[in-house]
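Visitor: Predicted model follows, preceded by the sequence.
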Amino acid sequence: MRLYGTSTLSGPLFWLAAVVVSAAPSHAQIAMKGATSEGRVLFHSPALSTNGLSCIDCHADFDEGRMGDGRIRAGHSLYGAASRQTFWGQEPGDPFRYMDITEAAVTCVKRFMLNPEQLTTEQVLSLGAYLKSINRRPSIAPLALSPAPDRTGVYADFEGGDRIKGRKLFYAACHACHPNGNSGVASALPRDEDPSFYARKIREGDGLGLLFAGIDPDAYDEESEMFMPFFGADRLSNEQIRHIVAYIKSLPPPTP
């Protein structure tokens with residue numbers, strides 16, 4: 001399955017390949033290695049995006065099990081991920097799978113951070129160098145994704161959560177994009193929707209939750225410029241979502 005059609009090698013990766021192939025063998029190759037320190041800055045900086053997101057908003061760059069920072073990110077940690085054979089749930093035999101973690105990362109920058117072509121060759125190489133530098137506990141096996149959308153589409157039983165528990169969970173998982181429920185990187189959250197509305201958004205995101213679950217292959221529209229990630233069952237449980245919903249509905253109206 002090729003998630004993004006023919007666009008995988010468009011934009012920066014296409015001309016990156018051309019530049020690397022045509023580079024002179026001496027000074028040019030030395031200048032094109034990429035800097036790990038610069039890659040770390042790019043990973044943590046929203047300047048890489050056009051919507052205010054940074055890589056660290058969705059992916060940790062450390063071992064979450066040993067060094068949690070209190071955040072619940074939609075994406076899995078990229079610590080040790082550079083040696084994986086595939087990314088984004090692709091199969092090892094897929095001829096269109098991403099070549100390496102750098103290509104997968106640039107796709108994230110394009111699709112979630114809405115930056116289709118503004119990365120320089122040096123930035124691409126530096127970001128890749130940093131991701132490879134944190135590969136201290138290499139994992140070769142593909143990462144098993146755990147999308148958990150409701151196959152009935154009803155999203156029942158998300159009422160009755162604990163807003164006190166929900167507050168802590170909201171600040172861990174949602175506040176970075178919806179500060180205090182108001183607009184930030186993403187839009188303000190309505191307070192008067194049915195609980196199923198919020199549960200659907202969390203489980204399906206911009207449609208990739210349905211796509212990866214095998215429910216609707218057409219759920220994701222790459223032209224929509226939506227960029228909300230989905231939270232799988234291993235990132236947020238239904239009970240945790242129930243608490244988050246209770247907290248959102250307890251908030252005052254959004255700030256204009």
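Guide: Arrived safely.

Visitor: What is the end-to-end distance of stretch 93-104?
Guide: 16 Å (C-alpha to C-alpha, to the nearest Å).

Visitor: residue ranges for the helices of the stretch 51-200 of the chain, please.
Guide: Counting by DSSP state H, counting those that start in this stretch, the stretch 51-200 of the chain has these helices, from start to end: 55-58, 101-111, 121-133, 163-173, 195-204.

Visitor: Contacts for the fourth one next, please.
Guide: Right, the one you point to is helix 163-173. Counting contacts by C-beta atoms under 8 Å, 6 or more residues apart in numbering, the residues outside helix 163-173 that touch it are 70-74, 181, 231, 235-236, 240, 242-250. Heads up, the C-betas are built off the backbone N, CA and C, glycines and all.

Visitor: May I see the PyMOL selection of the buried members of the residues you listed?
Guide: Buried residues among the contacts of helix 163-173 (16 or more other C-beta atoms under 10 Å), as a PyMOL selection:
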select buried, resi 72+73+74+181+231+235+236+240+242+243+244+245+246+247+248+249
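
Visitor: what's the spacing between residue 217 and residue 131?
Guide: Distance of residue 217 to residue 131, computed by C-beta to C-beta, to the nearest Å: 29 Å.

Visitor: and the closest residue to residue 210 other than its chain neighbours, how far is that from residue 211?
Guide: Nearest non-adjacent residue to residue 210, counting by C-beta to C-beta, 6 or more residues apart in numbering: residue 219, 3.7 Å away. Counting by C-beta to C-beta, the separation of residue 219 from residue 211 is 5 Å.

Visitor: Residue 92 too?
Guide: Distance from residue 92 to residue 211, by C-beta to C-beta: 19 Å.

Visitor: shaky segments in the chain?
Guide: 1-32 (pLDDT under 70).

Visitor: So which residue is dead centre in it?
Guide: Centroid-nearest residue in the chain: residue 58, 4.5 Å away (criterion: C-alpha atoms, centre = their mean).

Visitor: which residues does the nearest residue to that one once chain neighbours are set aside contact?
Guide: Closest residue to residue 58 apart from its sequence neighbours, by C-beta to C-beta, 6+ apart: residue 75 at 4.1 Å. When the contact criterion is C-beta under 8 Å, 6+ apart, the partners of residue 75 are 58-59, 229.

Visitor: what separates residue 75 from residue 55, distance-wise?
Guide: Counting by C-beta to C-beta, the gap from residue 75 to residue 55 is 9 Å.

Visitor: cool, residue 170 as well?
Guide: Here residue 170 is placed at a distance of 22 Å from residue 55 (C-beta to C-beta).

Visitor: What's the local residue count around residue 219?
Guide: 17 (other C-beta atoms under 10 Å).

Visitor: rewinding a little: in this structure the residue nearest to the centre of the chain contacts residue 111, no?
Guide: No. Using C-beta atoms under 8 Å, residue 58 is not in contact with residue 111; the gap is 11.3 Å.

Visitor: Now list whatever residues contact both of the two.
Guide: Taking C-beta under 8 Å, 6+ apart as the contact criterion, residue 58 and residue 111 have no common neighbours.

Visitor: If we go by neighbour counts, what in the helix or strand hosting residue 41 is buried?
Guide: If you go by DSSP states H and E, residue 41 is part of helix 36-44. Using 16+ other C-beta under 10 Å as the test for burial, helix 36-44 gives 36, 38-40, 42-43.

Visitor: Could you pull up phi and psi at residue 150?
Guide: In terms of degrees, to the nearest 10, the main-chain angles of residue 150 are phi -70, psi 120.

Visitor: now residue 77
Guide: Backbone torsions of residue 77, given as degrees, to the nearest 10, read phi -60, psi 140.

Visitor: Spit out the contact partners of the closest residue to it other than its chain neighbours.
Guide: The shortest distance from residue 77 to any non-neighbouring residue, by C-beta to C-beta, 6+ apart, is to residue 60 (4.1 Å). Going by C-beta under 8 Å, 6+ apart, residue 60 touches 69, 71, 73, 77-79.
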